[in-house]
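Peer 1: Okay, sequence plus prediction incoming.
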Amino acid sequence: MNDTQTPESQLEKLGIELGKPRSAVGNYVGCVRTGNLLFTSGQGVDQYHGKLGEDLTVEEGYAASRQSMINLITVLKHELGELSKVKRIVKILGMVNSAPDFTQQPKVMNGASDLLVEVFGEKGKHARSAVGMAQLPNNTAIEIEMIVEVEE
C-alpha cells in the first residue's frame, strides 16, 4: 500500500464492504479508548462454527479469522470514522476453537494477520498470540481481540 491509498480504498479493492458492528451479547462495549489506544472486545464470526481439526479445516479457519478481522475493522471504522486515524495495529490475540490435538492455530490466525497488512500496509504489522481453546461462545470457530494505536 502506498501513502496515497487509504485503508478504505484498500478494502474496496479487496471487495470488502463494512456494515454495522455486530451487537454485544452482554453488558460490555465493542471497544474502549484510553489515551491513544483502542482495546477491542473479542469478535467471533457468524459464518463458521465448530472445532478446527475436527469440524473445520485450516483453510476454513483462515477464512474465519479473516472474517473476524473484518468484524474488528468494522468496529474501528465505527469508532474512528476514518481508518486513516489508525497509527499502528499493536497486538492481536486469536483464540481458536480447537480439537484436543489441533496445533495449527498460527496458520489459522494468518487469515487475520494477512488482511491487516493488506488493508493497513506497514501500519498493519503487529504482535500476535494464537492460542487454542476448548470452547468458544456459540461454538464460533474463532474469536479475536486487538489493541490499536490511533492518532487524530
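Peer 2: Alright, I've got the coordinates.
Peer 1: show me what contacts E149?
Peer 2: The contact partners of E149, by CB atoms under 8 Å, 6 or more residues apart in numbering, come to N36, L37, V86, K87, R88, I89, V90. Just so you know, the C-beta spots here come from the backbone N, C-alpha and C atoms, and that holds for glycine as well.
Peer 1: switch the cut-off to 7 Å
Peer 2: E149 makes contact with N36, L37, K87, R88, V90 under the criterion CB atoms under 7 Å, 6 or more residues apart in numbering.
Peer 1: which of those residues tops the neighbour count?
Peer 2: When neighbours are taken as other CB atoms under 10 Å, the top entry among these is R88 (18 neighbours).
Peer 1: SS state for that residue?
Peer 2: Reduced to three states with DSSP: H, G, I helix; E, B strand; the rest coil, the structure at R88 is strand.
Peer 1: which non-adjacent residue is nearest V96?
Peer 2: Distance criterion CB to CB, 6 or more residues apart in numbering; nearest residue to V96, sequence neighbours excluded, is Q105 at 4.5 Å.
Peer 1: wait, doesn't the one you found sit right on M95?
Peer 2: No: checked against CB atoms under 7 Å, the pair Q105 and M95 is beyond contact range at 8.8 Å.
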